[in-house]
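K.L.:
requesting a structural model of the entry that follows:
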Amino acid sequence: MKVTRVLRRRLGAAGDVARAYLPAATGRVEVLGVFLGPYRNLTTLAAAVLSLHPACRVLNHALDRVVGFPGIDPFAPAGSAAHHRFVRFALAASTGGGRGTFGGSITRSHAFDREAMRVAAGRAPADGGRRPSVLVWKESMKVTDLFRLRGRDPVAVARANPSVRFLYPVRNPLDCALSNVRTGHARYLATTDPTDVGATLDAVLVELGAFLGHRDRYPAGFHLFWEDDPPRELLAALAAHLELPADPAWMEVALEAWRPESRHDHPAELLARYEDRVGELFGDRPEVAARLRALVR
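P.N.:
Down below sits the predicted model:
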């Protein structure tokens, strides 16, 4: 039985990639939203909420299934064959797949284990058979690492291809770090010790600083939102950045589904380390430092 499942996954992956090379049109996809930064950082919840919009399709993970294939590049110019091939792959892969790095439909993710998300999905406005105008890719840390490994500048990508919009949620960094260590996802961060919450916290804050630097250089291509933003404002700004059409029905179900996880308790020494790192890394950004301190109160 296990062998059968593995074969089906391999055949499914091969089929998704093969469809990328077909000459079929990519439909109306005009914007590619891409998450950057750590895993366990509200990316799955945000992507799941976006998937409830009738004009949005979400691909969860699946980077390993396209990296290395010739002529497929999500960050190539929007009119290029390489970009179209990625879009075709993503649209095909996002209809099935599975959990974990294999990826596929966001509906297979842990966000849809929550009753609130399932209820919201049941009440989400139908797409009426129209093709999505926005494609969102939720593979934050691996994409971030891919840029570094290939020496590729996200700002240069965004300038060359205005259809690409980068996204970064800010969850309570202490919760983010702890969750990354517990799940093993800290290994994808540039941390000195992926089993140590303090070292992982440092890496989480460094990633935030890097994204802020990208946004400083090219605000139009980079959108950051905070866990404690007023939900309606957060969702409206996120939709606007992706050029999703205003949809009151989506907004109402999205508000039901947007429920960030509760906070964890953290020891005093970790809180002190957080305070020190926030001061060191964001002393020249007082508004950001204030928001970071507010998240842990």
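
K.L.:
quick one: distance of the helix or strand residue 135 falls within to the chain centre.
P.N.:
Per DSSP states H and E: residue 135 is located in strand 134-138. Offset of strand 134-138 from its chain centre (Cα atoms, centre = their mean, to the nearest Å): 8 Å.

K.L.:
give the pairing partners of that strand; include direction for each.
P.N.:
strand 31-35 (parallel), strand 56-60 (parallel) (DSSP bridges).

K.L.:
right, and the helix or strand after the first one?
P.N.:
So that's strand 31-35. helix 43-51.

K.L.:
tell me where the stretch 151-297 of the chain has helices.
P.N.:
154-160, 173-183, 197-217, 231-241, 248-257, 268-282, 286-295 (DSSP state H, counting those that start in this stretch).

K.L.:
figure out which of the ones you listed is closest to residue 29.
P.N.:
For these, the distance to residue 29 is smallest for helix 231-241, at 15.9 Å, taking Cβ to Cβ. All C-beta atoms are positioned from the backbone trio N, CA, C, and that covers glycine.

K.L.:
centre of the chain to the closest one, how far?
P.N.:
15 Å.

K.L.:
could you do stretch 183-197 as well?
P.N.:
18 Å.

K.L.:
contacts for stretch 271-287 next, please.
P.N.:
Here stretch 271-287 makes contact (Cβ atoms under 8 Å, 6 or more residues apart in numbering) with 173-174, 198, 201-202, 205-206, 209, 212, 288-289, 292-293, 296.

K.L.:
check the residues you listed and tell me the two furthest apart.
P.N.:
Longest span within the contacts of stretch 271-287, Cβ to Cβ: 198 and 212, 21.7 Å.

K.L.:
quick one: contacts for residue 35?
P.N.:
For residue 35, the contacting residues are 43, 46-47, 136-140, 143, 166-169, by Cβ under 8 Å, 6+ apart.

K.L.:
circling back to that earlier point, now the strand holding residue 135 and helix 231-241, what's the angle there?
P.N.:
Relative orientation of strand 134-138 versus helix 231-241 (axes from the mean of the first three to the mean of the last three Cα atoms, to 10 degrees): 110 degrees.

K.L.:
give the rounded mean pLDDT of strand 134-138.
P.N.:
Here strand 134-138 scores 98 as its mean pLDDT.

K.L.:
ok, now how distant is residue 152 from residue 293?
P.N.:
Look at residue 152 and residue 293: by Cβ to Cβ, to the nearest Å, they are 33 Å apart.

K.L.:
my read is that residue 91 contacts residue 29, right?
P.N.:
Yes - the criterion here is Cβ atoms under 8 Å, and residue 91 meets it with residue 29 at 7.5 Å.

K.L.:
shared neighbours, these two?
P.N.:
Shared contacts of residue 91 and residue 29 (Cβ under 8 Å, 6+ apart): 57, 132, 135.

K.L.:
give the helix, strand or coil label for the second one.
P.N.:
In other words, residue 132. coil (DSSP: H, G, I helix; E, B strand; the rest coil).

K.L.:
count the residues that sit near the closest residue to it other than its chain neighbours.
P.N.:
Leaving aside its sequence neighbours, residue 132 sits nearest to residue 57 (Cβ to Cβ, 6 or more residues apart in numbering; 4.0 Å). For residue 57, the tally of surrounding residues (other Cβ atoms under 10 Å) stands at 24.
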